[in-house]
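*Asks:* sequence first, then the predicted structure:
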Amino acid sequence: MVGREARTAVSGQGPDLDPAVRAYLDHLTVERGLAANTLAAYRRDLRRYTQFLADRGVRRVGEVRPNDVGDFLAALRRGDADHPALAAGSAGRAVVAVRGLHRFLARDGITDTNPASEVRPPQPPRRLPKAISVDEVLRLLDGAAVGEGPCSLRDRALVELLYATGARISEAIGLDVDDLAVEPGVVRLLGKGSRERLVPLGSYACEAVDAYLVRGRPALAQRGRGSSAVFVNSRGGRLSRQSAWAVLRAAAERAGLGTRVSPHTLRHSFATHLLDG
């Protein structure tokens with residue numbers, strides 16, 4: 001950390017921070033037309049930032065160093081006697097304000113460098129979707145099949161496979177018939193980065209997939225040009241990601257689960273139920 005004496009020795013670099021902040025806020029008001037509430041939040045965040053810098057003896061825009069910006073972010077997350085620790089989202093908003101300030105100053109030639117360019121806002125923790133219960137999964141599976149037509153058999157097989165394997169939508173629709181012929185009860189999935197994995201399918205999913213392959217897929221596939229895909233659409237081509245989403249959404253609505261179900265929900269439910277035994 002650079003001490004106060006060293007800061008004083010190199011002072012005189014550019015204008016004071018306070019008028020620079022006012023110029024930036026004027027720019028946001030006039031040229032960007034930001035809402036009053038957003039401007040008020042930026043003003044509060046930048047006031048805290050300039051006070052943080054002043055406590056370090058940094059009062060001019062040219063004196064700010066990347067470690068000052070990084071330490072400010074750390075101080076936001078840590079909190080102090082006058083300020084509670086901020087969550088990642090709130091701290092991220094403050095860092096966005098600081099990055100915008102320094103980008104504005106560099107773009108307008110007020111400073112030669114942008115000390116905030118390498119400082120990234122903290123990422124909020126990813127929230128796992130809430131797993132649905134086993135009973136809700138059974139309702140979802142029942143909701144995937146209405147009647148015994150080829151599309152109903154396909155939809156049931158698709159949802160059964162998604163739940164039984166924890167597969168992503170892209171992995172399910174990317175399946176070729178040969179991927180089911182590895183060995184009985186095992187499916188070959190091609191994941192991210194073209195990584196292959198062999199996954200046990202489970203008896204209920206096997207029954208649903210077999211019923212579709214025997215009684216549903218031939219009727220759909222004959223309408224196309226001989227697709228190798230397991231899951232095909234009504235024209236005989238490979239089922240699209242959007243159509244697979246629509247199948248899952250329709251099943252959730254029939255099961256009374258509304259918008260609570262997504263492919264990721266099924267993946268999380270698969271893992272949760274697997275751990276539960």
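*Replies:* Received it, and whenever you're ready, just let me know what you need.
*Asks:* list the buried residues for stretch 154-163?
*Replies:* 154-163 (16 or more other CB atoms under 10 Å). Backbone N, C-alpha and C define where each C-beta goes, glycine included.
*Asks:* where does the prediction get shaky in the stretch 1-150 of the chain?
*Replies:* 1-14, 122-129 (pLDDT under 70).
*Asks:* at 50 what do you get?
*Replies:* Under the criterion pLDDT under 50, the flagged ranges of the stretch 1-150 of the chain are 1-12.
*Asks:* which one of the buried residues of stretch 154-163 is nearest to residue 117?
*Replies:* Nearest to residue 117 among the buried residues of stretch 154-163 is residue 162, at 42.3 Å by CB to CB.
*Asks:* nearest residue to residue 202 other than its sequence neighbours?
*Replies:* For residue 202, ignoring the flanking residues on the chain, the nearest one in space by CB to CB, 6 or more residues apart in numbering is residue 164 at 4.2 Å.
*Asks:* in what helix or strand does that neighbour lie?
*Replies:* Using DSSP states H and E, residue 164 falls within helix 150-165.
*Asks:* pull the CA atoms of that helix into CSV?
*Replies:* Extracted in CSV, the C-alpha atoms of helix 150-165 (Å, rounded to 0.1, in the frame of the first residue of the first chain):
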residue,chain,number,x,y,z
PRO,A,150,-46.4,-41.2,-31.3
CYS,A,151,-45.9,-37.7,-29.9
SER,A,152,-47.3,-38.7,-26.5
LEU,A,153,-44.9,-41.7,-26.4
ARG,A,154,-42.0,-39.4,-27.4
ASP,A,155,-42.8,-36.8,-24.7
ARG,A,156,-43.1,-39.3,-22.0
ALA,A,157,-39.8,-40.9,-23.0
LEU,A,158,-38.1,-37.6,-23.2
VAL,A,159,-39.2,-36.5,-19.7
GLU,A,160,-38.4,-39.9,-18.2
LEU,A,161,-34.9,-39.8,-19.7
LEU,A,162,-34.3,-36.3,-18.5
TYR,A,163,-35.2,-37.2,-14.9
ALA,A,164,-33.6,-40.7,-14.9
THR,A,165,-30.2,-39.5,-16.2
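*Asks:* circling back: so the residue nearest to residue 202 makes contact with residue 209?
*Replies:* No. Using CB atoms under 8 Å, residue 164 is not in contact with residue 209; the gap is 9.2 Å.
*Asks:* quickly list what's touching both of the two.
*Replies:* By CB atoms under 8 Å, 6 or more residues apart in numbering, residue 164 and residue 209 have these common neighbours: residue 201.
*Asks:* got a pLDDT number for the closest residue to residue 205 other than its chain neighbours?
*Replies:* Spatial nearest neighbour of residue 205, excluding adjacent residues (CB to CB, 6+ apart): residue 164 at 3.6 Å. Note for residue 164: predicted pLDDT of 85.
*Asks:* just the buried positions in the helix or strand containing residue 137, please.
*Replies:* For residue 137, the element it lies in under DSSP H and E is helix 134-143. For helix 134-143, burial by neighbour count (16+ other CB under 10 Å) applies to 136-137, 139-141, 143.
*Asks:* ok, and what's touching stretch 102-120?
*Replies:* By CB under 8 Å, 6+ apart, stretch 102-120 touches 14-15, 20, 23-24, 27, 61-62, 64-66, 68-70, 73, 95, 98-99, 101.
*Asks:* at 7 Å what do you get?
*Replies:* With CB atoms under 7 Å, 6 or more residues apart in numbering as the test, stretch 102-120 has contacts from 14-15, 20, 24, 27, 61-62, 64-66, 68-70, 73, 95, 98-99.
*Asks:* show the end-to-end separation of it, please.
*Replies:* Chord length of stretch 102-120, first to last residue, is 13 Å (CA to CA, to the nearest Å).
*Asks:* pull out the buried residues from it.
*Replies:* 102, 104-106, 110-111, 114-116, 119.
*Asks:* before we move on, back to that, contact partners for the residue nearest to residue 202?
*Replies:* 201-202, 204-205.
*Asks:* distance of it from residue 157?
*Replies:* Taking CB to CB, to the nearest Å as the measure, residue 164 falls 10 Å from residue 157.
*Asks:* repeat that for residue 244.
*Replies:* Taking CB to CB, one finds residue 244 at 12 Å from residue 157.
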